[in-house]
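Student: any chance you could fold what I've pasted below:
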Amino acid sequence: MSNKLKIEYRKLSELTEWASNPRSINRDAFDRLKKQITRLGMYKPLLVDQNNTILGGNMRYKALVDLKTTEVAVIVRECKDDTERIEIALSDNDRAGYYNETELAELVELNGIDGELYSIDLTESKTIEEIVNAEPTPLKDDKEIDAENLLNDKTVECPKCHFEFDPKSNDIEQ
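Tutor: Coordinates of the predicted model:
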């Protein structure tokens, strides 16, 4: 396998979103991503397979379509099967490093960076094996969700994992 990357330009209309993409984006993050692209331009090519299926950059693709972009830089990665496609996509989105919060805050402040434009995940990353083998979180209580008043509530808490969400949220589909 050659380690040389070849960047090509493709029309967005030639590209296909990866149907099995397990990633999504909410409306606020999507709007922030579009602002980043508008401000900084595209500096990271999309990663596609030999069939023009996007393996890395599906959210950027959605933003570019919304911004009415017609052409984009891509790196083409030949994949022999779906397993390799999945591994390439996971690797492209892997969070291997972390931010030192103090140093990051100093850089942002010293350079007058608009903090509203960027979201930094400071939580501990987990391997897929850790996620798959995790013990289920026990229910906090046996409280049932009142379905009739569900949409009247500002936030809802999942009784299993205690994640709070807005039932009226405008998440963007995969």
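Student: buried residues in the biggest helix by length in the chain?
Tutor: The helix spanning the most residues in the chain, taking DSSP state H as the definition, is helix 27-40. For helix 27-40, the neighbour count (16 or more other Cβ atoms under 10 Å) marks 30, 32-34, 37 as buried. All C-beta atoms are positioned from the backbone trio N, CA, C, and that covers glycine.
Student: so which elements touch that helix?
Tutor: helix 58-66 (3 or more Cβ pairs under 8 Å, 6 or more residues apart in numbering; DSSP states H and E).
Student: ok, which stretches of this protein are strands?
Tutor: Counting by DSSP state E, the chain has strands at residues 7-11, 46-48, 54-56, 71-76, 156-157, 164-165.
Student: and W18, which of those is closest to it?
Tutor: Taking Cβ to Cβ, strand 54-56 is the member of those nearest to W18, at 5.5 Å.
Student: on contacts alone, who are the packing partners of the closest one?
Tutor: strand 46-48, helix 82-92.
Student: same question for the last one, mean pLDDT?
Tutor: Yep, that's helix 82-92 we're talking about. For helix 82-92, the mean per-residue pLDDT is 89.
Student: and the angle from it to helix 58-66?
Tutor: 80 degrees (axes from the mean of the first three to the mean of the last three Cα atoms, to 10 degrees).
Student: can you list the buried residues in helix 82-92?
Tutor: Those would be 85-86, 88-89, 92, for helix 82-92 by 16+ other Cβ under 10 Å.
Student: next, format the helices and strands packed on strand 54-56 as TSV and append distance to G56.
Tutor: Output for these, formatted as TSV (distance: least, Cβ to Cβ, whole Å):
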stretch	distance to G56
strand 46-48	3
helix 82-92	3
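Student: returning to that earlier point: distance to Y98, mean pLDDT and mean neighbour count added to the strands of the chain, as TSV?
Tutor: As requested, the strands of the chain are arranged in TSV below (distance: least, Cβ to Cβ, whole Å; pLDDT from 0 to 100; neighbours: other Cβ atoms under 10 Å):
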stretch	distance to Y98	mean pLDDT	mean neighbour count
strand 7-11	29	95	11
strand 46-48	23	95	23
strand 54-56	20	94	24
strand 71-76	25	96	18
strand 156-157	28	68	16
strand 164-165	25	70	11
